[in-house]
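**Q** When you get a sec, could you give me coordinates for this:
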Amino acid sequence: MARIIVLGAGLGGISAAYDIKAAVGAGHQVRLVGDGPYFNFTPSNPWVAVGWREPAKIRVEVREPLQKQGIEFTAVPAYSILPTENRLQLADGQVLEYDYLVITTGPRLAFDEVPGFGPEGGFTQSVCTGPHAETAWTAYQAFLENPGPLVVGAVQGASCYGPAYEFAMIVDADLRRRKLRDRVPLTYVTAEPYIGHMGLGGVGDSKGMLESALRERDIRWVTNAKVSAIEAGQIKLDELDAKGGVAHTHVLPFHYAMLIPAFTGVDAVRNVAGLTNPRGFVLIDQHQRNPTYPNIFAAGVCVAIPPVEATPVPTGAPKTGFMIESMVSAIAENLRDELAGKAPHAQATWNAVCLADMGETGAAFVALPQIPPRNVAWVKKGKWVRLAKIAFEKYFLQKVRTGRTHPVVETYVLKALGIHSLKPPRAGH
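**A** This next block holds a predicted model:
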């Protein structure tokens, strides 16, 4: 019997636990290790931050549904990985032994890289976690009592731009509904070299579409922005030129600010020699395995992916939900093959698919593959995208609660996006 530990109980970890258990069967032990009893559907956090979703509606207590599928669950954060010993040390002193480890921790949020940044001891809000989104909603309610300048965006090194654009559009729509938009100057601040870059070098006409959307909503923007410090009520930043020199210096006032941070690997992972790159992201081969420790796999935001291109202000490459599902499917197939004495063959597609709510409408971005040159690159706008995102939310929460996906919902969402399957292609196909 093989002992398989999945480390991290977010979108990637939940998928990995269910898919791996289904692939390897009852003869092998699968254990999911998370940092708490709940799964939170992170893509819905921007809705929580403006009161459009109740936190309980996107949160599931996972122990019981996991146990029903024969998956063990430990709700204790990891302290360190000991790969030469095939052991995982937990924060409470427990030590778990494994034959295979699948890392799906997501990122560490690097608020410490900018003074005054973040919701914990800083002056800005975040939608990166469920608790952060709830704190952002509390702060937003206070803001509504005293509206004023509002800043949204993503700082240098960020790799997750979709939620920043989403939040800017959503908060604009919410303020209009409340008849407060005329009292709130709104600025979008981003490390991207241009609007719609998204860490992908643009997708189709994402630049033109998103610039138009911001103009329609009277949202001003600053690109090539390097935030130097955040203080109570003001953000200090340099706007760089194409050569990386300082073109302008800005001091932006705010009554409310939501900025996406840069990511690094989590502490339990980032300092393990041979496992990660200098930023702490897990190095993997084409089969999602670490080259130094081939019994360690990884999927999701914790994986090392190089930037699509060099930019004046550093930008990272995003890892979207559909890409993560593909990575997880590849790992499940490769573990099944290894346990059967076969060579791993499955490779993830690494396609970028982003469904973004824009308040009254939505935008879908599809880049197949993520890193250019691409077979498919387009952006489409419409109310159907909002419906597709809501459908995907329901689809994934169904998977968390039952271990099974809803085939009708999956087919609808994928068909709308022009994608045939989340499964990785077979070798030679």
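
**Q** the strands in the stretch 151-300 of the chain, which residues?
**A** In the stretch 151-300 of the chain, the strands defined using DSSP state E, counting those that start in this stretch lie at 186-190, 219-222, 225-231, 234-240, 246-253, 256-260, 263-264, 296-298.

**Q** buried sites along the fifth one?
**A** It stands for strand 246-253. Within strand 246-253, the residues that count as buried by 16 or more other CB atoms under 10 Å are 250, 252. Placement of C-beta: from N, CA and C, glycine included.

**Q** and the strands of the stretch 151-300 of the chain as JSON lines, adding mean pLDDT and distance to residue 28?
**A** Output for these, formatted as JSON lines (pLDDT from 0 to 100; distance: least, CB to CB, whole Å):
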{"stretch": "strand 186-190", "mean pLDDT": "98", "distance to residue 28": "45"}
{"stretch": "strand 219-222", "mean pLDDT": "98", "distance to residue 28": "51"}
{"stretch": "strand 225-231", "mean pLDDT": "98", "distance to residue 28": "47"}
{"stretch": "strand 234-240", "mean pLDDT": "98", "distance to residue 28": "51"}
{"stretch": "strand 246-253", "mean pLDDT": "98", "distance to residue 28": "54"}
{"stretch": "strand 256-260", "mean pLDDT": "98", "distance to residue 28": "38"}
{"stretch": "strand 263-264", "mean pLDDT": "98", "distance to residue 28": "32"}
{"stretch": "strand 296-298", "mean pLDDT": "98", "distance to residue 28": "14"}
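
**Q** Deepest in the core, which of those is it.
**A** Of all the strands of the stretch 151-300 of the chain, strand 296-298 carries the top mean neighbour count, a mean of 29, counting by mean count of other CB atoms under 10 Å.

**Q** What is that strand packed up against?
**A** strand 100-103, helix 321-339 (3 or more CB pairs under 8 Å, 6 or more residues apart in numbering; DSSP states H and E).

**Q** Quick check: which of those is nearest to residue 145?
**A** Closest of the helices and strands packed on strand 296-298 to residue 145 is helix 321-339, at 35.0 Å (criterion: CB to CB).

**Q** Measure how far the closest one is from the centre of its chain, please.
**A** 18 Å (CA atoms, centre = their mean, to the nearest Å).

**Q** Parallel or antiparallel, which strands does the very next helix or strand once past that helix pair with?
**A** Using DSSP states H and E, the helix or strand that follows helix 321-339 towards the C-terminus is strand 352-357. Strands that pair with strand 352-357, judged by DSSP bridges, come out as strand 362-368 (antiparallel).

**Q** Can I get the strand it pairs with in PDB? Just the C-alpha atoms.
**A** Only the C-alpha atoms of strand 362-368 are listed here, as PDB (Å, rounded to 0.1, in the frame of the first residue of the first chain):
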ATOM      1  CA  GLY A 362     -18.300  39.600 -17.700                       C
ATOM      2  CA  ALA A 363     -15.200  38.800 -19.700                       C
ATOM      3  CA  ALA A 364     -13.600  35.500 -20.600                       C
ATOM      4  CA  PHE A 365      -9.900  35.300 -21.500                       C
ATOM      5  CA  VAL A 366      -8.600  32.100 -23.200                       C
ATOM      6  CA  ALA A 367      -5.000  31.500 -24.100                       C
ATOM      7  CA  LEU A 368      -4.200  28.000 -25.400                       C
END
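
**Q** re the thing from before, and the helices and strands packed on strand 296-298, which is most packed in?
**A** Most buried among the helices and strands packed on strand 296-298, counting by mean count of other CB under 10 Å: strand 100-103, with a mean of 26.

**Q** What score does residue 394 have for pLDDT?
**A** At residue 394, the model reports a pLDDT of 88.

**Q** tell me which element it is part of?
**A** helix 383-402.

**Q** Please enumerate the strands of the stretch 1-150 of the chain.
**A** Going by DSSP E, counting those that start in this stretch, the stretch 1-150 of the chain shows strands at 3-7, 29-33, 38-40, 59-61, 72-74, 78-82, 87-90, 95-97, 100-103, 108-109, 150-154.

**Q** As TSV, those with distance to residue 48 and mean pLDDT would be great.
**A** Output for the strands of the stretch 1-150 of the chain, formatted as TSV (distance: least, CB to CB, whole Å; pLDDT from 0 to 100):
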stretch	distance to residue 48	mean pLDDT
strand 3-7	26	98
strand 29-33	24	98
strand 38-40	9	97
strand 59-61	10	96
strand 72-74	24	98
strand 78-82	26	97
strand 87-90	29	98
strand 95-97	32	98
strand 100-103	27	98
strand 108-109	17	98
strand 150-154	15	98
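
**Q** With distance to residue 175 added, can I get those strands in a markdown table?
**A** Formatted as a markdown table, these follow (distance: least, CB to CB, whole Å):
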| stretch | distance to residue 175 |
| --- | --- |
| strand 3-7 | 40 |
| strand 29-33 | 40 |
| strand 38-40 | 26 |
| strand 59-61 | 26 |
| strand 72-74 | 41 |
| strand 78-82 | 41 |
| strand 87-90 | 44 |
| strand 95-97 | 48 |
| strand 100-103 | 40 |
| strand 108-109 | 26 |
| strand 150-154 | 8 |
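
**Q** what residue ranges in this protein are flagged as low confidence?
**A** 405-429 (pLDDT under 70).

**Q** quick one on the thing from earlier: can you list the helices and strands packed on strand 296-298 in CSV and add distance to residue 201?
**A** Shown next, in CSV, are these (distance: least, CB to CB, whole Å):
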stretch, distance to residue 201
strand 100-103, 27
helix 321-339, 16
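
**Q** can you tell which of those is closest to residue 18?
**A** Across these, closest to residue 18 is helix 321-339 (CB to CB), at 8.9 Å.

**Q** So which elements touch the closest one?
**A** So helix 321-339, by 3+ CB pairs under 8 Å, 6+ apart, packs with helix 11-24, strand 100-103, strand 296-298, strand 352-357.

**Q** What pairs with the second one, parallel or antiparallel?
**A** Which is strand 100-103. strand 3-7 (parallel), strand 296-298 (parallel).

**Q** Just the residues contacting it, thanks.
**A** The contact list for strand 100-103 (CB atoms under 8 Å, 6 or more residues apart in numbering) reads 2-8, 13, 16, 20, 81, 83, 86, 88, 269, 282, 295-299, 302, 331, 335, 338.

**Q** Alright, that wraps it up for me.
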